[in-house]
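Visitor: let me see the structure of the following:
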Amino acid sequence: MQIGAGDTSAQRWAGLAGRAQGSGPHLGAPLVFLHGLTFDHHEWDPILAALPSDLPALALDLPGHGDSTELMRHNPGDVVEAVHAAVIAAGLDAPIVVGHSLGGQLASVYAGSHPAGGVVSVDAPVRLKPFAELLRSMRQELSGDRFAEAWAIYQDSWHMEVLRAADRALLRPGDRPGDDSMRRLVLSYESDLLDRPLAEVLRERDDVLHRVRASGIPYLALQACPVDPADAAWLRERLPHAEILVWTVGHHFPHLAHPARFAALLTELASEVAGWPNPRPLTPQRVWNQSRLQTSNNQQIKPNPQRKGKT
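Guide: A predicted model of the protein is given here:
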């Protein structure tokens with residue numbers, strides 16, 4: 001498989017821009033990377049640089065971000081279909097979908113709708129309802145003249161000020177005061193949570209996790225701060241095989257704090273997924289899941305006193 005041949009310049013697939021790399025006979029499942037809301041594919045540059053050069057990887061600009069074409073609507077279903085079209089155009093089959101923040105939510109939706117090798121969700125809300133309720137409580141501010149003030153609350157919770165300068169530079173598209181273009185983008189992507197009946201949206205997301213569970217693919221949630229035990233129990237009720245890792249880094253970007261470590265985790269997972277029989281066996285707990293819990297320096301899960309405005 002050859003999709004990028006090491007080329008680091010911007011490319012385009014089915015209307016979505018981004019970066020692809022990987023050529024040769026690497027025995028690993030392909031990786032697709034989805035950034036967080038208001039950022040772009042450069043968020044993943046250090047991880048791509050740390051991956052084996054022959055492992056197929058595709059980092060996309062989500063619709064309306066970077067150099068990617070906007071959609072009429074940016075609800076999860078439409079965005080995931082645009083991502084899938086790009087995956088097909090890149091010649092990838094059943095990728096492991098890696099998403100940060102909003103991208104982590106989209107990774108789950110993708111895996112519940114299309115063939116996927118696994119889901120890696122990076123510092124996205126483990127349970128959607130508390131985040132959705134917080135977002136809805138700020139609907140008036142986000143949709144009106146106080147958007148910049150309201151959005152700054154979310155930006156402050158990311159703690160970009162503690163990032164290394166080189167890493168923060170990768171986040172420049174979202175590291176700026178909220179303006180009208182950012183307001184339109186945020187409202188479009190969060191329209192499901194802001195405008196639709198919340199119970200209906202939550203049922204749909206539960207259905208997504210049910211389909212992910214039925215597929216038997218691995219699901220890893222990497223969090224940047226301890227997870228409330230109730231949230232962890234909620235996830236494992238729906239995905240008994242899910243693994244929750246906590247890398248306490250003091251900001252919203254654990255993959256940027258430890259890019260080599262994160263790339264090694266993905267490389268191991270890609271190799272293991274590629275080695276599974278087809279169809280993959282449905283088991284409540286993967287061997288890869290259990291073994292990595294012994295070596296990942298996973299923090300003890302305990303109540304989290306902070307409410308983070310993840311996107």
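Visitor: the strands in the stretch 201-311 of the chain, which residues?
Guide: Counting by DSSP state E, counting those that start in this stretch, the stretch 201-311 of the chain has strands at residues 219-223, 243-246.
Visitor: most tightly packed of the ones you listed?
Guide: With neighbours taken as mean count of other Cβ atoms under 10 Å, the strands of the stretch 201-311 of the chain reach their highest mean count in strand 219-223, at a mean of 24. Quick note: C-beta positions are derived from backbone N, CA and C, even for glycine.
Visitor: what lies in contact with stretch 187-206?
Guide: With Cβ atoms under 8 Å, 6 or more residues apart in numbering as the test, stretch 187-206 has contacts from 37, 64, 73-76, 79, 102, 108-109, 128-129, 131-133, 135-136, 139, 142-143, 238, 311.
Visitor: break down the stretch 51-200 of the chain into its helices, ranges please.
Guide: 76-89, 102-111, 128-137, 139-143, 147-158, 165-169, 180-189, 191-195, 198-215 (DSSP state H, counting those that start in this stretch).
Visitor: also the stretch 201-311 of the chain?
Guide: Remark: helices of the stretch 201-311 of the chain, listed N- to C-terminal, are 229-238, 254-257, 259-274, 287-293; assignment by DSSP H, counting those that start in this stretch.
Visitor: please tell me I have it right and residue 56 contacts residue 32.
Guide: No. Residue 56 lies out of contact with residue 32 (Cβ atoms under 8 Å); the separation is 9.3 Å.
Visitor: now residue 131. Nearest residue, chain neighbours left out?
Guide: Counting by Cβ to Cβ, 6 or more residues apart in numbering, the nearest residue to residue 131 once its immediate chain neighbours are dropped is residue 125, at 4.1 Å.
Visitor: tell me, how many residues neighbour that neighbour?
Guide: When neighbours are defined as other Cβ atoms under 10 Å, residue 125 has 22 of them.
Visitor: swap in residue 151?
Guide: Neighbouring residues of residue 151 were enumerated by other Cβ under 10 Å; the total is 23.
Visitor: roughly how far does it sit from residue 178?
Guide: In this structure, residue 151 and residue 178 are 4 Å apart, going by Cβ to Cβ, to the nearest Å.
Visitor: any common contacting residues for the two?
Guide: In terms of Cβ under 8 Å, 6+ apart, residue 151 and residue 178 are both contacted by the residues residue 186.
Visitor: just to revisit the earlier point, the residue nearest to residue 131 and residue 260, how far apart?
Guide: From residue 125 over to residue 260 (counting by Cβ to Cβ), the distance is 26 Å.
Visitor: do residue 135 as well
Guide: Distance check for residue 135 against residue 260: by Cβ to Cβ, it reads 34 Å.
Visitor: these two - which one has more neighbours?
Guide: Legend: neighbour count by other Cβ under 10 Å for residue 135 and residue 260, higher for residue 135 (21 against 12).
Visitor: quick check: closest non-adjacent residue to that one.
Guide: Sequence neighbours aside, residue 193 is the residue nearest to residue 135 in space, at 5.4 Å (criterion: Cβ to Cβ, 6+ apart).
Visitor: quick one on the thing from earlier: where among the helices of the stretch 201-311 of the chain is average confidence lowest?
Guide: Per-stretch mean pLDDT for the helices of the stretch 201-311 of the chain is lowest at helix 287-293 (a mean of 39).
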